[in-house]
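Asks: Predicted coordinates and the sequence they were generated for:
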Amino acid sequence: MSTNLLALLPELVLTITGVLVMVLEPVIPAGKSRKPLGWLAILGSLLSGLAAFYQLQIVNAQGTLTAFYSTIQIDPFSIFFHLLIAAVVLVTLLGSLDYFESPITHAGEYFALVLFGAVGMMFMTSSVELLMVFIGLEISSISTYILAGFRKGRATASESSIKYFLLGSFATAFFLYGVALIYGATGSTSIGPIAAGLAITRTPTMAILAVAMVLIGLGFKVSAAPFHVWTPDVYQGAPAPVVGLMSTAPKAAAFAVLLRFLFNGTPMLHGHWILLIEILAVASMCLGNLGALKQHDVKRLLAYSSIAHAGYLLVAFTGTHQNAVAGACFYTATYAAMNVGAFLVLSQLSGFSERIRSIEDFTGLALKRPGMSALLGFFLLSLIGIPFTGGFFGKFYVFSGALQNGHVWLGIVGLANSGVACFYYLRLLAAIYSRPTSDSVAYIPVRKVTAPAAVALAATALATLGLGILPNKLVHLVERATPTTTAAVAVQPTQQ
Amino acid sequence: MFLLSFLYLLLFVIPEGNLLFASRATESIMDNTNLLWLIPTLPFAGFLINGTLGRKLPRAAVSAIALLFTVLPALIVAKLWLILKADGAPLALQAVSRPWIAVSGFHVDFAFTVDHLTLIMLSIITGVGFLIHIYSVGYMAYEEGFWRFFAYLNLFMFFMLVLVLSSSFLLLFVGWEGVGLASYLLIGFYFTKDSAANAGKKAFIVNRIGDFGFLLAMFLLIAHFGSLDFNTVFSHAATTAAPFTAICLLLALGATGKSAQIPLYVWLPDAMEGPTPVSALIHAATMVTAGIYMVARCHVLFNLSPTALAVVACIGAATALLAATIGMVQNDIKRVLAYSTVSQLGYMFMACGVGAYSAGIFHVMTHAFFKALLFLAAGSVIHALGGEQDMRKMGALRKRIPITFWTMSAGVFAIAGFPFLSGFFSKDEILFQAFTAGTAVGKFAWAIGVFTAFLTSFYMFRLWFKTFFGASHVVEHNTHDHHAAHDSHGSHGVHESPLVMTAPLMILAVLAIIGGIVGVPTAFGGHNEFEHFLDPVLSSGHEVVAASSGTAIALSTVATLAFALGLGLAYQLYIRKPGTSREIAKKLQPIYSLLDHKYWVDEVYNFAIVGSLLNVSRIALSGIVDTGIVQGSIGLLSSGTGALASVTRRMQSGNIRSYAGWLALGAAAVIAITIFIH
């Protein structure tokens, strides 16, 4: 297999499956179940995960792979994110097989779009050329714009989709502008040459501005404050399984780009961007947690929680290079496990209609759905950060990294925030485990949890628990993932 | 629950298998090492079985499982004592698994250690825990969710044992949070009762504040020691320049949360909403002493910071006094005991603060005996009265429930400090150590301690007289429906509890009476064996002042006088002239009202912390545009919502434009900062 093909193997698998799903969609007669397409998509994401795993074996044996004129770089870092994205997509597809079991929901398109989106996200993580990153970003964004509005015929869905699209395009423009500026300052848009070019640039202000622009564009994607305004509205209107996906996988990809860009591309400007990161981190944690305190809609509440978690993730960036990358990777993985899990439970509880929305609706849920309540409770505990869940070790890792690197105040603010956060998670948890106040519980239909959904739920719960009890496995993987500067060495040997 | 437990099973069995396998290599210690792993694993197995299958099992089977998996660890602990006796040398067993977390520059093993301190704690937890499990079989016999109760109780045992067995801060913290979780589940056991659900929530949130301190202390330890292992940290403490005062104060903050000290004590009285055996086990005998245990465990660090020690001593003394004063006016029998617990924990904290760690642990032990006894006996009274907890509706019960009366009397006399009962020796030891510590803080703590001893004696005898003596105020054929469902089985008048409940009472009563024998000071012809036993662990730093036995006896006399005074006052007010108390309350209306409202602390906290948080939240929402449905119905802020709603409505029009505006503004700010700050 040529290096080029090998480097893009997971993306290729996903693309081919996605196209197949699109082609087969019209073949299935109208009114018939679209489930076979779902299974095909599941198979595709599984294969792409395996492909990423195969890449890992190759990289272990031969070292970092570069392809397409050094625009694509396959190292443990990108493979980690490939695996993570494939896993999130797989679980999301499993969980949404029955969610879209209705002829009016265009399930075929849904499955294809999820796959295409994943292609874009994977591209973002393996690309070391900012223009390629941009293409990946657009592929993933456009898929998620459409997915956000997939509860067609509902006003909130269209609102969600349109808002996301308009604001998203706005933010992407910042990113693109940043890329243009960095080209102006360094004469390149590749990570390695950028680092080299910064050393001799005669327009440092332009470079600094470029970093700020990139940070703004990606800050929007990860919903870091003050670029978070879209998050609650979009999450509220989007279908629950999609929110689970879009709050984790694209964010992971954007964080991957940010890590590579900041630590490998612009380490010389560390002093400049670290301040911005700190500001964004504090703003995200505080606004996210404070905003969540008074929410009544559970999806909105989790949207604010995801803003806060973006803040915790940014705290990881203040550690030393190694700590930052390892901490951020670990946190993305745990956050993906628990948040996808939480949204899976939501989607399983009320199905496509999403009739159970507010905290009041959840009151007394435990009496009717003890199993689901326990699972949701578990995910909430992990989001709070109770030991023996992944959420605890994620925070522990991130904050201890920041403190070790001298960012004591950031650590304190973060810890105080995670204390405040337990107020609102606990409000939901306490509502679930309390006396039903009205007939709310009576309206909750007891939908049978189907086998694929049960597998998805078990997988997320197991992952959340496993990361809390035996974090070492993942820690070792992510510690290896510190992005190497091989490409830089290859292109600019004189700079070393 | 089902699924979750299954997952737990999977993940705990896998490492366990590896551990067994790993330790087989080292043949000689295999035996004892495996014993250590078994101690917490057994209750966990009980939790799994009852948690997954309990719903379908008959009650007898559920209780048999729960009891079996609690008595086995107790037997293992007994075996450890035998090993200790056989060896003669100080006991120090360790069980280490593979590295738990190994990050660059930081490494933690998954490891358990048993030394003398742990052994004492293990004995208390498994011994008293087992007795309370037996009692619960009778007490909870007619409750809904019997299986759930025992599953949670075993889960609690698991985490508590992990807490005291762990040989690193991190694993201790896992146990620490775990017991908090179990406590949350058990306080909110009657989760269809709002007050119980709220109490659980409160306990959880207040403890998160303590955890903030604990976590920060851990981060500081990592930053300065690169380790969280007890041995590593303590052995390098003397030679490392670390901010010990900050670390110790943060650890102490953690301890004030779990051990219900000022400023975080407010959750414990509310925790009485849980079933009474839970109050006895978690909120009196074991979990709440975790903070004391932690401070004693970290005595090496605390000894390096006189400031932190002084703060601990002051917190302890102040809490002891404050809680005792509140306890004087409570009418709910369990609340009196709850405030009494807070007060006694204050004594233990005070002991640690004057460097008398072993005296603190001694009091942990005797307190576990008599306070568990008092709670269980109170439970028996409540059970007898069909769920009545108000002491104003009791009286003259001593003939009607004689076993409860006699056993509870042992507890009351022990806690009040009747000479030569368990509480007398341990409290005396603390007061003696405080007095002879040779510091101003020590003398101050002693004075407050003696006064609190008087208050303790007073409110305990008040409880005793009101419940068992005087005229009967019992509402006969009482069928308090909503309570009956919880605490009894629709009583047919006042009745003594069954043997399954009274047997633990009798055993604990014996312990409450003679439990102090192990710590009889030399002044009374003893050898202070308890303290010497802990010497290998706690000896460093604090040198025992060789005060003359004359001082010791004089101090004991003062304490005994305080006891007698309290007893006399209670007798005067509640037996000789019942009704005087009401007059006094009327005369001292402001003070009485202050005490009755618990110094308004809950209200102040609610206003200052919860209220301001919600206010900030509201500002954050309206400032950073949240157009969703914003409702301020959390209670405090409903008045402001009308205005808020109109603000949000206005914002909803054209919000994409305003969102874009906010985005642009944020971007402009970021760019401005980038360019102008540097």
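Replies: Arrived safely.
Asks: List the residues that contact the nearest residue in space to residue A:327 that is not next to it in sequence.
Replies: Leaving out its chain neighbours, the residue that sits closest to residue A:327 by CB to CB, 6 or more residues apart in numbering or on different chains is residue A:316, at 3.8 Å. C-beta coordinates here come from the backbone N, C-alpha and C atoms, glycine included. Residues counted as contacts of residue A:316 (CB atoms under 8 Å, 6 or more residues apart in numbering or on different chains) are A:323, A:324, A:327, A:328, A:331, A:397, A:398, A:401, A:402.
Asks: Residue of chain B nearest chain A, please.
Replies: residue B:666 (3.3 Å; CB to the nearest CB).
Asks: Any idea how many residues pack against that residue?
Replies: By other CB atoms under 10 Å in any protein chain shown, 22 other residues sit near residue B:666.
Asks: Please report how far it lies from residue A:216.
Replies: 8 Å (CB to CB, to the nearest Å).
Asks: what about the strands in the stretch 51-200 of chain A?
Replies: Under the criterion DSSP state E, counting those that start in this stretch, the stretch 51-200 of chain A contains strands at A:65-67, A:72-74.
Asks: and the first one, which strands flank it?
Replies: Partners of strand A:65-67 in the sheet, by DSSP bridges, are strand A:72-74 (antiparallel).
Asks: pLDDT on the partner strand, on average?
Replies: Confidence for strand A:72-74, expressed as mean pLDDT, is 92.
Asks: Check which helix or strand whatever residue of the stretch 101-250 of chain A ends up closest to chain B maps to.
Replies: The minimum distance from the stretch 101-250 of chain A to chain B, using CB to the nearest CB, falls at residue A:226 (3.3 Å). Using DSSP states H and E, residue A:226 is not contained in any helix or strand.
Asks: Which helix or which strand is home to the nearest residue to residue A:430 once chain neighbours are set aside?
Replies: Closest residue to residue A:430 apart from its sequence neighbours, by CB to CB, 6+ apart: residue B:201 at 4.9 Å. Counting by DSSP H and E, the element that carries residue B:201 is helix B:194-225.
Asks: check contacts around residue A:416.
Replies: By CB under 8 Å, 6+ apart, the contact list for residue A:416 reads residue B:212.
Asks: so which helix or strand takes in it?
Replies: Counting by DSSP H and E, residue A:416 is found in helix A:408-432.
Asks: Any buried residues in that helix, and which?
Replies: A:410-432 (16 or more other CB atoms under 10 Å in any protein chain shown).
Asks: same thing with stretch B:397-406?
Replies: Neighbour-count burial for stretch B:397-406, counted by 16+ other CB under 10 Å, picks out B:397, B:398, B:400, B:401, B:403, B:404, B:405, B:406.
Asks: thinking the second one is in contact with residue B:472, fair?
Replies: No. Between residue B:398 and residue B:472 no contact is recorded; they are 10.6 Å apart, counting by CB atoms under 8 Å.
Asks: Report how many residues lie close to the closest residue to residue A:175 other than its chain neighbours.
Replies: Residue nearest to residue A:175 in three dimensions, not counting chain neighbours: residue A:217, with 2.7 Å by CB to CB, 6+ apart. For residue A:217, the count of nearby residues is 27 (other CB under 10 Å).
Asks: And for residue A:178?
Replies: 23.
Asks: tell me the contacts of it?
Replies: A:209, A:210, A:211, A:212, A:213, A:214, A:215, A:216, A:217.
Asks: Quickly run through the sheet partners of the lengthiest strand in chain B, with directions.
Replies: Counting residues, the longest strand in chain B under DSSP state E turns out to be strand B:93-103. Using DSSP bridges, strand B:93-103 pairs in its sheet with strand B:106-114 (antiparallel).
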